[in-house]
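Predicted model, plus sequence, below.
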Amino acid sequence: MRSTRRRTRGRLPVALALPAVVGLAFLLVPLVGLLIRAPWRTLPSRLFSASVGEALRLSLVCASLATVVCLVLGVPLAWLLARGDVPGRGVLRALVTVPLVLPPVVGGVALLFVLGRRGLVGQHLDAWFGVSLPFTTAGVVLAEAFVAMPFLVISVEGALRAADPRYEEAAATLGASRWLAFRRVTLPSILPGVVAGTVLCWARALGEFGATITFAGNFPGETTTMPLAVYLALETDPDAAIVLSVVLLMVSVGVLAALRDRWVSGPS
Amino acid sequence: MRAPALVALLVVLAGCGASGTTAEDRITVFAAASLTEAFTRLGEDFEAANPGVDVMFNFGGSSALARQIGQGAPADVFASAAAANMAQVVDAGGTAAEPVTFARNRLAIAVPAGNPAGITGLAGFADDAAKIALCAQEVPCGAAAKRAFEAAGVVARPDTVEQDVKAVLTKVRLGEVDAALVYRTDVASAAGEVEGIGFPEADRTVNDYPIAPLAKARNAAGARAFVAHVRSDRGRAVLAGAGFDAP
């Protein structure tokens, strides 16, 4: 379909081009500032210090696990919002996006109220199973998943709503159950949307700070992810903070670019 | 209908702009987070004694505030929780007068009401079963905690090291940790939810709070007046009430 789309040729209208260039500069110039200010000479030695490696490893592991949690829970949720016959779907959809507008620190406190040692659910987890989630790596994963899941749900739901339900209906008339139709017909057709949502979700989880530090605290090797390490380093050693930021920047840009080339074939 | 409403809105907005305080009657004070309660009181006192004057506060970690001042944040007065952060501003030529110590603070053990884990002293911080929160060593309260543990010969086993003392206090208030080291003034500010326990090594954790008017103050006279207010008998009484030691 894309190849048959007709492109309108000619000069870009100034009314669009000018704000577009300003917008691009607004997004990119701060990154350039970071790169210019980076202590390039000491960068290699700082880069391979144990604490940076530890924080980076923890960040990647937690963001990936959080993304898995989001996929397992978020894709079915998106399907429910797009296809399910549930009352008050509009309200549900709005509620799902609440973590998008909630300051992440508040999200972290809310998680403490529910899953903390004295929380609604957490007190029973603690009393019955001896499980305490705050200040653990599992807590980091939960905090990141809470903040990142709406990105996946919105993206997948949009893809589902854009997909033609008649294919599913055709599969149903041929005797496929709804579950089979979802797996074999719906899911393959919305795969680009799922991948795009997954990438967004992972990127958001990787940069998560507020909910993580509030719910999971900060302890090297267990809960200190890169954004937390950056914040702490700013207190004493701004150069170290810049190095950490550059590393995070490079890793995320690298992963996103690789994924984009591999799976998300946007119009170029 | 719509046009009069718009006019009314514009009038209100214009009024806001006109009634907004000018540099002469606004004093902007950058103060350490641990001063929040005491300085808010002192600010109200000062405004009551000087009608028309508006005291604005920016409370935060001392090192972050020092950094903001260094980068040109519009501040008239700086009150730091650590001499080192004030020295940063002094070294950069940021102060208009020699900083003076106006209060001292010391650490105390904070436990949730009822002390569920039965913590009695610093030795409890080495217990792996207890949930412990401390300040990161990079911030003043963390550095003071390090001195206390060294003096007591205890190796603390924290579950989380937080970026500022108020974050540590919050974890105690919510009952998420069994014990933490915070300033004595923080325990006082959370009375009812948090119990404080003194310990002999607390003498090693005393830190000075310096205050100074700033060189780039837009309201130099106001800055000097506020510093004098903090150091007055009334100021000392409010600080003592919040749990600070006199200098």
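All right, it came through fine.

outside of the host helix or strand of B:A108, which residues touch it?
Secondary structure assignment for B:A108, by DSSP states H and E: strand B:107-112. Strand B:107-112 is contacted from outside by B:117, B:119, B:121-122, B:124, B:141, B:144-145, B:148, B:168-169, B:172-173, B:175, B:177-184, B:186-187, B:190, B:193-199, B:202, B:205, using C-beta atoms under 8 Å, 6 or more residues apart in numbering or on different chains. Backbone N, C-alpha and C define where each C-beta goes, glycine included.

for stretch B:91-104, same thing?
So stretch B:91-104 is contacted by B:69-70, B:78-80, B:86, B:89-90, B:206-217, B:220, B:223-224, B:227, B:230-231, B:235, B:239, B:244-247 (C-beta under 8 Å, 6+ apart).

May I ask you to confirm that A:A233 is in contact with A:S245?
No: in this structure, A:A233 is not within contact of A:S245 by C-beta atoms under 8 Å, at 9.2 Å.

And the residue of chain A closest to chain B?
A:G217 (2.8 Å; C-beta to the nearest C-beta).

residues in the stretch 151-268 of chain A within reach of chain B, list them.
A:213, A:216-219, A:223, A:231-232, A:234-236, A:238 (C-beta under 8 Å from any C-beta of the partner chain).

Scan these and report the most crowded one.
Neighbour counts for these (other C-beta atoms under 10 Å in any protein chain shown) peak at A:A216, which has 31 neighbours.

pLDDT score assigned to that residue?
On pLDDT, A:A216 comes in at 93.

Tell me who's in contact with it.
So A:A216 contacts A:108, A:134-137, A:139-140, A:142-143, A:223, B:160 (C-beta under 8 Å, 6+ apart).

Next, count neighbours for A:L256.
With other C-beta under 10 Å as criterion, A:L256 counts 16.

what helix or strand does it sit in?
helix A:238-262.

The contacts of A:A216 in helices, which ones?
Judged by DSSP state H, the contacts of A:A216 include A:108, A:137, A:139-140, A:142-143 as members of helices.

nearest to B:P74, of those?
Closest approach between the ones in helices among the contacts of A:A216 and B:P74, by C-beta to C-beta: A:G108, at 30.9 Å.

just to revisit the earlier point, please report how far the spatially closest residue to the residue of chain A closest to chain B that is not a sequence neighbour lies from B:T101.
Leaving aside its chain neighbours, A:G217 sits nearest to B:T160 (2.8 Å; criterion: C-beta to C-beta, 6 or more residues apart in numbering or on different chains). Relative to B:T101, B:T160 is positioned 31 Å away (C-beta to C-beta, to the nearest Å).

Please enumerate the helices of chain B.
Counting by DSSP H, the helices of chain B are B:2-19, B:36-49, B:62-70, B:83-91, B:140-152, B:165-173, B:184-189, B:220-231, B:233-241.

centre of the chain versus the fourth one, how much separation?
The reference is to helix B:83-91. 16 Å (C-alpha atoms, centre = their mean, to the nearest Å).

okay, the angle between it and helix B:62-70?
Angle of helix B:83-91 versus helix B:62-70, following axes from the mean of the first three to the mean of the last three C-alpha atoms, to 10 degrees, is 10 degrees.

pull the CA atoms of helix B:83-91 into PDB?
Only the C-alpha atoms of helix B:83-91 are listed here, as PDB (Å, rounded to 0.1, in the frame of the first residue of the first chain):
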ATOM      1  CA  ALA B  83      29.800  24.100  55.700                       C
ATOM      2  CA  ALA B  84      31.100  22.400  52.500                       C
ATOM      3  CA  ASN B  85      28.200  23.400  50.300                       C
ATOM      4  CA  MET B  86      28.400  27.000  51.600                       C
ATOM      5  CA  ALA B  87      32.200  26.900  50.900                       C
ATOM      6  CA  GLN B  88      31.300  26.100  47.300                       C
ATOM      7  CA  VAL B  89      29.300  29.300  47.000                       C
ATOM      8  CA  VAL B  90      31.900  31.400  48.800                       C
ATOM      9  CA  ASP B  91      34.700  30.000  46.600                       C
END
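
what about stretch B:208-224, start to end distance?
20 Å (C-alpha to C-alpha, to the nearest Å).

measure the most centrally placed residue in chain A to A:A229 for me?
By C-alpha atoms, centre = their mean, chain A has its centre lying nearest to A:C201, at 2.1 Å. According to C-beta to C-beta, A:C201 and A:A229 sit 22 Å apart.

and what of A:S59?
Applying C-beta to C-beta to A:S59 and A:A229 gives a distance of 9 Å.

Looking at those two, which is more packed in?
A:S59 (28 against 25).

so the more buried one is in which element?
helix A:50-83.

Against which helices or strands is that helix packed?
Packing partners of helix A:50-83 (3 or more C-beta pairs under 8 Å, 6 or more residues apart in numbering or on different chains; DSSP states H and E): helix A:89-96, helix A:137-162, helix A:191-206, helix A:226-236, helix A:238-262.

need these in TSV with mean pLDDT, can you?
Below are the helices and strands packed on helix A:50-83 laid out as TSV (pLDDT from 0 to 100):
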stretch	mean pLDDT
helix A:89-96	90
helix A:137-162	95
helix A:191-206	91
helix A:226-236	85
helix A:238-262	80
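
Just name the most buried of these.
helix A:137-162 (a mean of 24; mean count of other C-beta atoms under 10 Å in any protein chain shown).

Could you list the low-pLDDT ranges of chain B?
B:1-24 (pLDDT under 70).

count of residues packed around the residue of it found nearest chain A?
Relative to chain A, the nearest point of chain B is B:T160 (2.8 Å; C-beta to the nearest C-beta). By other C-beta under 10 Å, 25 other residues sit near B:T160.

I'd like the distance between it and B:G60.
20 Å.

Show the backbone phi and psi for the closest residue to B:A240 other than its chain neighbours.
Residue nearest to B:A240 in three dimensions, not counting chain neighbours: B:A246, with 6.7 Å by C-beta to C-beta, 6+ apart. With angles defined as degrees, to the nearest 10, B:A246 sits at phi -70, psi 150.

Next up, the contacts around B:A246.
B:A246 neighbours (C-beta under 8 Å, 6+ apart): B:103-104, B:236, B:239-240.

Only the buried subset of those, as a PyMOL command please.
Per 16 or more other C-beta atoms under 10 Å in any protein chain shown, the buried members of those correspond to this PyMOL selection:
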select buried, chain B and resi 103+236+239
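
Out of the contacts of B:A246, which two sit at the greatest distance?
Across the contacts of B:A246 (C-beta to C-beta), the longest gap, 11.7 Å, separates B:R104 and B:R236.

related to what we said a few turns ago, which among the contacts of strand B:107-112 are in contact with chain A?
B:G175.

Show me how to select, in ChimeraX, the buried members of the contacts of strand B:107-112.
In ChimeraX, this line selects whichever of the contacts of strand B:107-112 come out buried by 16+ other C-beta under 10 Å:
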select /B:117,119,122,124,141,144,145,148,168,169,172,173,175,177,178,179,180,181,182,183,184,186,187,190,194,195,196,197,199,202,205
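
contacting residues around the helix or strand harbouring A:L35?
Following DSSP H and E, one finds A:L35 within helix A:14-37. Residues outside helix A:14-37 that contact it (C-beta under 8 Å, 6+ apart) are A:242, A:245-246, A:249.

pretty sure A:M226 is touching A:A55, no?
Yes: using C-beta under 8 Å, A:M226 is in contact with A:A55, at 5.0 Å.

tell me, what's touching these two both at once?
A:L244.
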